[in-house]
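*Asks:* what follows is a predicted protein model with its sequence.
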Amino acid sequence: MDATELRGIPVSPGRAAGPAAWMVGPQPAPPPLPLAVPADEASSEIAAAAAAVRSDLLTRAERQAGAAREVLEMTATVAVDPALLRSASALMERHNLAPAPAVWQAAEGIAQSFEEKGGLLAERAADVRDVRNRIVARLTGAPVPGLPERDVPFVLVAEDLSPADTATLDPDRVLALVTALGGPNSHTAILARELGLPAVVALGGSLHRIDDGTTVGVDGAHGTVRIDAVDPADFAPSTGRVPSLAGPGRTADGHPVALLANVGDRDSARAALTAGAEGIGLLRTEALFLEAAEEPDLAAQVAAYREVMDLFPGRPVVVRTLDAGADQPLRFLHLAPEPNPALGMRGYRVAGRNPGVLDHQLTAIARAERESGADVAVMAPMVSTVAEAEEFVARAHAAGLPRAGVLIEVPAAALHAGAILARAAFASIGTNDLTQYTLAADRTVGQLARLADSWDPAVLRLVESTCLAGAQQGRPVGVSGEAAADPALAVVLVGLGVSSLSMAPRALGPVGAVLGRTTLSECRRLAGLALACEGPADARATVRAGLGALDDLGL
Ligand code: PEP
Ligand code: MG
């Protein structure tokens, strides 16, 4: 029998087969059925369901660390809040309601009163509704909305996944991810690569051909999902270790290029250490607080940063201040929905609106640096103007952080790089956003993936002019976008003048190997060829042909 394969965009390599488990959509309110058993019996049913929800949440919390763990522990407490049980019991007695609609209405009443009080209490409303959904699901036997909970490892199938959902996935339980929407450089895709989970996105409507529970086979390198006749042996995960770096990054003729890692938490920082990273070129701090309901206090922030810094004493750790907004809304910042979020309140603009949040963060980073002994620098995301760069640098200095740089992610910032680097200690080019803004192609939209390609010579020209500005000002320029993780493109970036490359830990080995067999003059020659091309496909093909066989590295 011929196998049926769905085709999407490959975003994270690897193969895996297993039962499909669909993300469960939002739950409708249960119908207002009458009470069928005595009220005290029904109250005990609710109490038992609430206790079971609490224990489920605590079990899940044990598998998590940091902020994700705290959120789950806090939600577990909300599940057994006596006010919820009292209010549901009163509704059952007074209105003769069955347990499920009584819990629904009681929780809704509590959530709405929190929302009316506003401020931090309003944030608790989401937790109340989350436990409501879980208790009602227990009472009615329906699946709990959100990430599926299964006894065996599964392939997660979802319309779309937020970075917050992806960050809490347990790689021991989730074999692979497949989604209808999503783009290759979305934060969800980046997290999948960091977690080493095979992932295929942008499968569109064909995703609905996957039935919950059927065995599917995912090929994250080719972007295919087999939905029948799956032989698990064909999808056995490769047993090869993640290739690690043989030594410090350098070209074949010894020109040093620092090979650093992009991380979002302690686990990915450990993976970076194992892979031989020379340091951390991008610590995405928002990843530590995606689920925090309130701004984390100084002690919590210091502890979270130290979990990464302590692994790299005496080595560079570049901490990016919060990059909230667009596909990473941080709950505690109360960002309003926007028609065009990637062009709206995100990155450093959010800091401008909440100066206290940035200053607290800089204070916490400075303290974590003193306590850890890592060689810490800070940088601001999504800086668009010279004035923003100047302001950020001044605030970092005031907090006791002398090494303050900026991410170059907006074409205007690349074009102003000379003036920006006259103020900032270094620049790190965020090619994911620089590509999205240069091509005006949303990085989270799979259909635009062909357009949002960092090989586009227009993007490479902006990299080149930023590097020239860095050379004139005597300031280092690195790359921390996904472009640095593509060995052939990494060679071009070095040829354009970047002095460090920061990437997902698993990319370090292949990038280090290709760089180590290419001389600096060859990097420059290939960069020149790429710049002269008219489009990304042309540039990629020309450089790959120029590099010769990459097959021995499986590239
Ligand atoms: C980038 O935009 O390339 C970058 C490094 O930051 P992020 O992917 O987190 O937006
Ligand atoms: Mg960015």
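*Replies:* In hand now; what should we look at? Ligands and ions are numbered 1, 2, ... in the order given.

*Asks:* hmm, G279 is touching V317, no?
*Replies:* Yes - with contact defined as C-beta atoms under 8 Å, G279 counts as touching V317 (6.0 Å). Placement of C-beta: from N, CA and C, glycine included.

*Asks:* give the residues shared as contacts by these two.
*Replies:* D375 (C-beta atoms under 8 Å, 6 or more residues apart in numbering).

*Asks:* show me where the stretch 51-200 of the chain has its helices.
*Replies:* 66-79, 82-95, 99-117, 119-140, 163-167, 187-195 (DSSP state H, counting those that start in this stretch).

*Asks:* tabulate the ones you listed in CSV, adding columns for mean pLDDT, distance to G217 and mean neighbour count.
*Replies:* Listed next are these as CSV, based on pLDDT from 0 to 100; distance: least, C-beta to C-beta, whole Å; neighbours: other C-beta atoms under 10 Å:
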stretch, mean pLDDT, distance to G217, mean neighbour count
helix 66-79, 80, 29, 20
helix 82-95, 93, 43, 17
helix 99-117, 92, 38, 20
helix 119-140, 84, 30, 20
helix 163-167, 78, 21, 23
helix 187-195, 86, 17, 26
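
*Asks:* now those as JSON lines including distance to G146?
*Replies:* JSON lines is the format used below for those (distance: least, C-beta to C-beta, whole Å):
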{"stretch": "helix 66-79", "distance to G146": "11"}
{"stretch": "helix 82-95", "distance to G146": "19"}
{"stretch": "helix 99-117", "distance to G146": "16"}
{"stretch": "helix 119-140", "distance to G146": "8"}
{"stretch": "helix 163-167", "distance to G146": "8"}
{"stretch": "helix 187-195", "distance to G146": "15"}
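
*Asks:* nearest to ligand 1, out of the ones you listed?
*Replies:* In terms of C-beta to the nearest ligand atom, the element of the helices of the stretch 51-200 of the chain nearest to ligand 1 is helix 187-195, at 5.9 Å.

*Asks:* anything in the closest one near ligand 2?
*Replies:* No - using C-beta under 5 Å from the ion, helix 187-195 never reaches ligand 2; the gap is at least 8.8 Å.

*Asks:* residues making contact with that helix?
*Replies:* 11-12, 160-163, 166-167, 169, 171, 177, 179, 182-183, 198-199, 201, 262-264, 268, 271, 287, 327-328, 432, 444, 482, 485, 504-506.

*Asks:* narrow those to those that are buried.
*Replies:* Buried by 16 or more other C-beta atoms under 10 Å: 11-12, 160-161, 163, 166-167, 169, 177, 179, 182-183, 198-199, 201, 262-264, 268, 271, 287, 327-328, 432, 444, 482, 485, 504-506, out of the contacts of helix 187-195.

*Asks:* return the residues of the stretch 101-250 of the chain in contact with ligand 1.
*Replies:* Within the stretch 101-250 of the chain, the positions adjacent to ligand 1 are I190 by C-beta under 6 Å from any ligand atom.

*Asks:* try it again at 8 Å.
*Replies:* 185, 187, 190 (C-beta under 8 Å from any ligand atom).

*Asks:* could you list the buried residues of the strand or helix carrying N432?
*Replies:* N432 is part of helix 431-439 when elements are defined by DSSP states H and E. Along helix 431-439, these residues count as buried under the neighbour rule (16+ other C-beta under 10 Å): 431-439.

*Asks:* the stretch 201-350 of the chain: strands as residue ranges?
*Replies:* With DSSP state E, counting those that start in this stretch as the criterion, the stretch 201-350 of the chain has strands at 215-219, 224-226, 258-263, 280-284, 316-320.

*Asks:* is any residue of stretch 380-393 near ligand 1?
*Replies:* Yes - Stretch 380-393 lies within reach of ligand 1 by C-beta under 8 Å from any ligand atom, at 381-382.

*Asks:* again with stretch 299-314
*Replies:* No - Stretch 299-314 stays clear of ligand 1 (C-beta under 8 Å from any ligand atom), getting no nearer than 15.4 Å.

*Asks:* where in the protein is pLDDT low?
*Replies:* Scanning the chain with the threshold set as pLDDT under 70 gives 1-2, 66-68, 119-120, 122-123, 238-242, 549-555.

*Asks:* quick check: longest strand of it.
*Replies:* strand 15-22 (DSSP state E).

*Asks:* any chance you could list what contacts that one?
*Replies:* Outside strand 15-22, the residues that reach it (C-beta under 8 Å, 6+ apart) are 148, 150, 152-158, 175-176, 198, 210-221, 226, 230-232, 234-238.

*Asks:* okay, now the domains of this protein?
*Replies:* 5-25+146-230, 39-140, 258-552 (automatic domain parsing).

*Asks:* which stretch among these comes nearest P31?
*Replies:* domain 39-140 (6.8 Å; C-beta to C-beta).

*Asks:* now that closest one, how far from the centre of its chain.
*Replies:* With C-alpha atoms, centre = their mean, to the nearest Å as the basis, domain 39-140 stands 29 Å off its chain's centre.

*Asks:* re earlier: more neighbours: which of G279 and V317?
*Replies:* V317 (29 against 22; other C-beta atoms under 10 Å).

*Asks:* the more buried one contacts E278, correct?
*Replies:* No - taking contacts as C-beta under 8 Å, V317 lies outside contact range of E278: 10.8 Å.

*Asks:* understood, closing this out.
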